[in-house]
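Visitor: Pasting the sequence and the predicted model now:
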Amino acid sequence: MPENHDLGGALRRYWGYDSFRPKQERVIRSILAGRDACVVMPTGGGKSLCYQLPAALLSQKSAIVVSPLIALMQDQVAQLVQMGIPAAVLNSSIPAARQRECIEAACSGTYRLLYLSPERLARADTSEWLRRIPVSFFVIDEAHCISEWGHEFRPEYRLLSRLRSEFPGLAIAAFTASATRRVRHDIIAQLQLRDPQKEIASFHRANLRYVARECPAAEQAELLVKCIRRQSEGHVIVYSPTIARVSETAAHLAAHGIACVQYHGRMEADERRKNQERWMSDEVRVLVGTTAFGLGINKASVRAVIHLSLPQSIEQYYQEAGRAGRDGLSADCLLLWRKKDLGLLVHFINQIGDPAEKERAWDRYHQIRRFVESKSCRHLQICVHFGETPKWQTCGACDVCGCDVQWMREPLDPEPASRGRTRRRSSAKAQDGPSAAGVNRALLEVMRNWRRERAKRDSVPAFIIMHDTSLEDLCRCRPRNLKELRQVSGFGERKTEVYGEEILGALRAYAELGGAPSAGH
């Protein structure tokens, strides 16, 4: 690797961070050295930075990123551009003339990263113009989709094997959050990775409390309300098995004074995005959705993920439950299932025509059933499933290991809807005391409102303006000038330049109105 790559400087300049997370720097150095890579990191582990940073450093070249979700690609490109890293996305929603402009710009080395869907990469005309681009390396995101043994197999991903034969001199880096040992081996084989750098992070999320409980419909509905009321701060995701159940659940929560938004595949794309953004920008704390929701969601303050039916696999459950507690603070992962869920899974398996795929589906069925019915530590079961061998046998953070679930046994407070809404409104905005994260609540609400309004002005999601963790750090530090603002986590040079004066103005206005000093000031 050339000596002139200042990784720490790039991390500070673009991302506003002072240090790498575990394994990130090794992956980045490997990619810069031109070596293939197979990287498994849990949701929130910082996978995207592992390929975005080396791409940013390789001037006049483009990293080609293959990703399955248009919305996710668009969000990542918006973030990169906001940080000052040239990036673009090519997909079917873009007018043909703009697509041609984008391809020509890529051919001249304008972008550091160019995002494509696997379907677009498979098109016959793509290989021709891709050969004209000065490509730095290839990235396969959600790489488990290439394996039939994975829980989200996509046939179009198999066509990515052509990259090795068509571009033999370029490195390929594969990334995923949830892959068993068998799937990892399949990823390496299918993509023909050559002596890849393998980085497998631990699957143990010690800050998550796993609770699985079989219960009838009435008890499930009661426990759902209890859990959400218990979470006085932060956000909640409720996974419902069908679109009809999403609507039923939302109505049930509304009847108990709990505001929520819905998310499912039959909604118009604009409505889905609007509801997701209302949740992401803190207008509404609770989102009820099908499994269509979640991929690429970057929300640090999710305090609970509640499943109202059995997932189809442990991988699916791990990925969805793992959207909780990304800030490192404790969070609840509550799996409330019914006996009828088993019958529904069996029904779907019986619809599968391919014998090999049906056998794999039965394997997944038995694994998830053992997970919820077994009296073994749930954290341990997950780690073992993914090929990890922990040295401990009990975690203290699941119901099997004695994690306190006293609140599940307490009677449901028959709280009137109006009183419930009033209580939540006052606790979110009227208190000056510190929150659980040690942040002045009133100031936090002021800065959330600023972020929300700025996001609307810029027509971007709120998290692109500022992540939750940066927002909280900002309210703790309360910088007085641009130099101090650059010390806030997540504030690189570009973000400080674009938003700095407005942020400092909002902080000054709060102080002039008599705002209480934050912790440490």
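Guide: Sure, I can see it. These numbers come from a predicted model, not from an experiment.

Visitor: Need the pLDDT of Gly45.
Guide: We have a pLDDT of 75 for Gly45.

Visitor: Isn't it up against Arg21?
Guide: Yes. Between Gly45 and Arg21 a contact is recorded at 6.7 Å, counting by C-beta atoms under 8 Å. For glycine as for every other residue, the C-beta is placed from the backbone atoms N, C-alpha and C.

Visitor: So between these two, which is more surrounded?
Guide: Comparing Gly45 with Arg21 by other C-beta atoms under 10 Å, the one with more neighbours is Gly45, at 22 against 15.

Visitor: so how many other residues sit close to the residue nearest to that one when sequence neighbours are not counted?
Guide: Nearest residue to Gly45, sequence neighbours excluded (C-beta to C-beta, 6 or more residues apart in numbering): Ala201, at 5.6 Å. Neighbours of Ala201 under the rule other C-beta under 10 Å: 18.

Visitor: got any ranges where this structure has weak pLDDT?
Guide: Along the chain, the parts satisfying pLDDT under 70 run over 1-4, 295-296, 404-407, 412-437, 515-521.

Visitor: domains of it?
Guide: The chain breaks down into these domains under automatic domain parsing: 7-200, 208-409, 431-512.

Visitor: what's near enough to touch Ser93?
Guide: For Ser93, the contact set (C-beta atoms under 8 Å, 6 or more residues apart in numbering) comprises Ile70.

Visitor: Let me know the distance separating it from Gln74.
Guide: Distance of Ser93 to Gln74, given as C-beta to C-beta, to the nearest Å: 9 Å.

Visitor: cool, and Ser62?
Guide: According to C-beta to C-beta, Ser62 and Gln74 sit 17 Å apart.

Visitor: Trp279 now?
Guide: Computed as C-beta to C-beta, the Trp279 to Gln74 distance reads 18 Å.

Visitor: Please apply the same query to His204.
Guide: From His204 across to Gln74, the span is 33 Å (C-beta to C-beta).

Visitor: Same question for Gly322.
Guide: For Gly322, the distance to Gln74 equals 23 Å [C-beta to C-beta].

Visitor: out of the two, which sits in the busier spot?
Guide: Using other C-beta under 10 Å as the criterion, Gly322 and Gln74 rank with Gly322 on top: 24 against 19.

Visitor: How about that one: what's its closest non-neighbour residue?
Guide: Leaving out its chain neighbours, the residue that sits closest to Gly322 by C-beta to C-beta, 6+ apart is Thr43, at 4.0 Å.

Visitor: so the one you found, which of the three states?
Guide: What DSSP: H, G, I helix; E, B strand; the rest coil gives for Thr43 is coil.

Visitor: Who are the contact partners of it?
Guide: By C-beta under 8 Å, 6+ apart, the residues touching Thr43 are 177, 319, 322-323, 326.

Visitor: For it, what are phi and psi?
Guide: The phi/psi pair for Thr43 (degrees, to the nearest 10) reads phi -50, psi 130.

Visitor: Same question for Arg162.
Guide: Here is the backbone geometry of Arg162 (degrees, to the nearest 10): phi -70, psi -20.

Visitor: List the contacts of it.
Guide: Contacts for Arg162 were tallied using C-beta under 8 Å, 6+ apart; they are Ser127.

Visitor: separation between it and Ser92?
Guide: Applying C-beta to C-beta, the value for Arg162 to Ser92 is 21 Å.

Visitor: burial of Ser202, as a residue count?
Guide: Around Ser202 there are 16 other residues, counting by other C-beta under 10 Å.

Visitor: any idea how far Leu80 is from it?
Guide: From Ser202 across to Leu80, the span is 28 Å (C-beta to C-beta).

Visitor: do the same with Arg285
Guide: Distance of Arg285 to Leu80, computed by C-beta to C-beta: 29 Å.

Visitor: again with Gly16
Guide: With C-beta to C-beta as the criterion, Gly16 and Leu80 are 14 Å apart.

Visitor: which residues touch the closest residue to Asp458 other than its chain neighbours?
Guide: Using C-beta to C-beta, 6+ apart and skipping the chain neighbours, the partner closest in space to Asp458 is Ile465 (7.1 Å). By C-beta under 8 Å, 6+ apart, the residues touching Ile465 are 451, 454-455, 458, 499.

Visitor: Quick one: which of these is the most crowded by neighbours?
Guide: Counting neighbours by other C-beta under 10 Å, Arg451 comes out on top of the contacts of Ile465 with 25 neighbours.

Visitor: from the chain's centre, how far out does the host helix or strand of that residue sit?
Guide: In this assignment (DSSP states H and E), Arg451 forms part of helix 441-458. Computed by C-alpha atoms, centre = their mean, to the nearest Å, the chain-centroid distance of helix 441-458 equals 21 Å.

Visitor: for it, packing partners?
Guide: Judged by 3 or more C-beta pairs under 8 Å, 6 or more residues apart in numbering; DSSP states H and E, the packing partners of helix 441-458 are helix 417-429, helix 462-465, helix 468-477, helix 493-512.

Visitor: Please name every helix or strand in contact with the longest one.
Guide: Identification of packing neighbours for helix 493-512 by 3+ C-beta pairs under 8 Å, 6+ apart yields helix 70-83, helix 441-458, helix 482-485.

Visitor: I'd like to know which of the ones you listed lies nearest to Leu170.
Guide: Judged by C-beta to C-beta, the one of those that comes nearest to Leu170 is helix 70-83, at 20.3 Å.

Visitor: Next SSE downstream of that closest one?
Guide: Next helix or strand after helix 70-83 toward the C-terminus (DSSP H and E): strand 87-90.

Visitor: List of residues touching that next one?
Guide: If you take C-beta under 8 Å, 6+ apart as the criterion, strand 87-90 is touched by 70, 73-74, 76-77, 80-81, 99, 102-103, 105-106, 111-116, 120.

Visitor: how about 6 Å then?
Guide: Contacts of strand 87-90 with the rest of the structure, by C-beta atoms under 6 Å, 6 or more residues apart in numbering, involve 73-74, 77, 80-81, 99, 102, 111, 113-116, 120.

Visitor: can you pull out the helices in the stretch 51-200 of the chain?
Guide: Assigned by DSSP state H, counting those that start in this stretch, the helices in the stretch 51-200 of the chain fall at 70-83, 96-107, 118-122, 126-130, 162-166, 181-190.

Visitor: Pull out the buried residues from the fourth one.
Guide: Residues of helix 126-130 classed as buried by neighbour count (16 or more other C-beta atoms under 10 Å): Leu130.

Visitor: Can you give the distance of it from its chain's centre?
Guide: Helix 126-130 has its C-alpha centroid displaced from the chain centroid by 31 Å (C-alpha atoms, centre = their mean).

Visitor: and it, C-alpha only, in PDB?
Guide: C-alpha atoms of helix 126-130 as PDB (Å, rounded to 0.1, in the frame of the first residue of the first chain):
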ATOM      1  CA  THR A 126     -23.400  -2.400 -18.700                       C
ATOM      2  CA  SER A 127     -20.100  -4.300 -19.300                       C
ATOM      3  CA  GLU A 128     -19.300  -2.100 -22.400                       C
ATOM      4  CA  TRP A 129     -19.400   1.200 -20.500                       C
ATOM      5  CA  LEU A 130     -18.100  -0.200 -17.300                       C
END
